[in-house]
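**Student:** model this:
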Amino acid sequence: MRQLRRPLPALRAAYSRSEVRSVLFSLLFLIASNALAAEKLTLGTDWRAEAEHGGYYQALATGLYAKAGLEVTIRQGGPQVNHSQLLAAGKLDISVAPNSFIPLNFVDQKVPVVAVASMFQKDPAVLIAHAGQGHDTIAALKGQKIMISPDTRIGFWRFLKSKYGFADDQIAPYTFNLAPFLADPKAIQQGYVTSEPFQIERSGKKPVVMLLSDAGYTSYASLIVTSRKMVGTQPDVVQRFVDASIAGWASYLNGDPAPAHALIKRDNPDMTDELLAYGRDKLKAYGIVESGDAATGGIGAMNDARWKAFFDLMAADGLYPVGMDYRQAYTLAFVGKGVGAGAKR
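**Tutor:** You can find the predicted model right below:
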């Protein structure tokens, strides 16, 4: 024992206490940094980069993901990209789902994917008509031709059929081109409150914009979905991603959005500062993110009752088996903790 202790005085002579402490702190910092940097995640969004993805880009641009020990790569979606399939195939770690149908479809198809948060309390989907045509409410659109995309036909169109009695013979094709709408004062089409109305207004037309969420459409939107395997084996990683994303949305909406906008324009050069500012303003004005359960439970909050109501309506319409366990579509374990609550105030 004495022989083992003999080198210690030499060590104390060679290094001061402050130097030893500094070396130890440096080693600990390197160990912690290496452990955090190891968590690499790829996030797939549901469309090309735009204001509707602002919170995710803000979390990346301002280092919120990095502070959470995550190295996140954002892969934008688009009309020819199916990130739901890529997530199910394990090509993505996390994906943004545009509505509640996606997680429920995974359950119906027995794919082990689950929603862990909903950044949007309101789906930003709208129907748009021309002013002065008597098309001022959704109920007034029954029997009228409406331009929608194929995806919408198996999305919120099911809600319109169930609640408002719309019929499939009302459907007209929508190709994401505004020219047919602008040319016909009787035209009605789908859109997002953050984008199409902006383009229509710039053309000199005054659109009537009807937000489906304010008409009883209870779908969540901008849902964070991931595999059940990740939820089960890496819950800490999932929690850190959810919390950092929530912080990103709070920062984007209530702070300086410039960092997010710079990255969005890098990924999608078609985006302009004017359109991004318009989109962000509408997210705030309509309470897309910070309304509903988010006011008390925090951004991203979800609840069982709302999932049940949405499922029951769609099951009654025949979209899902009545006995399907809809609760497999989501988990409340990562939200409702008050993160981001009161950020608007």
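
**Student:** Next, work out how far apart Asp256 and Trp157 are.
**Tutor:** Distance, Asp256 to Trp157, by Cβ to Cβ, to the nearest Å: 38 Å. For every residue, glycine as well, the C-beta is placed using N, CA and C.

**Student:** what about Val242, neighbour count?
**Tutor:** 24 (other Cβ atoms under 10 Å).

**Student:** what does Leu92 give?
**Tutor:** If you count neighbours by other Cβ under 10 Å, Leu92 ends up with 22.

**Student:** you'd agree it is up against Thr42?
**Tutor:** Yes. In this structure, Leu92 is within contact of Thr42 by Cβ atoms under 8 Å, at 5.3 Å.

**Student:** Give the residues shared as contacts by these two.
**Tutor:** Jointly contacting Leu92 and Thr42 under the rule Cβ atoms under 8 Å, 6 or more residues apart in numbering are Arg75.

**Student:** one step back: so if I had to pick from Asp256 and Trp157, which one is more boxed in?
**Tutor:** Each of Asp256 and Trp157 has its neighbours counted (other Cβ under 10 Å); Trp157 has more, 19 against 11.

**Student:** and that one, how far is that from Met147?
**Tutor:** 12 Å.

**Student:** Centre-most residue in this structure?
**Tutor:** By Cα atoms, centre = their mean, the chain has its centre lying nearest to Ser222, at 2.5 Å.

**Student:** next helix or strand past the one helix or strand it maps to?
**Tutor:** Using DSSP states H and E, Ser222 sits within strand 221-227. Next helix or strand after strand 221-227 toward the C-terminus (DSSP H and E): helix 228-233.

**Student:** which helices and strands does that following helix pack with?
**Tutor:** Under the contact definition 3 or more Cβ pairs under 8 Å, 6 or more residues apart in numbering; DSSP states H and E, helix 228-233 sits against strand 113-120, helix 235-254.

**Student:** ok, residues contacting the shortest one?
**Tutor:** Okay, so that is strand 113-120. Contacts of strand 113-120 (Cβ under 8 Å, 6+ apart): 55, 84, 87-88, 97, 100, 102-103, 106, 220-228, 231, 238, 242, 245-246, 249, 288-289, 299-302, 328-331, 333-335.
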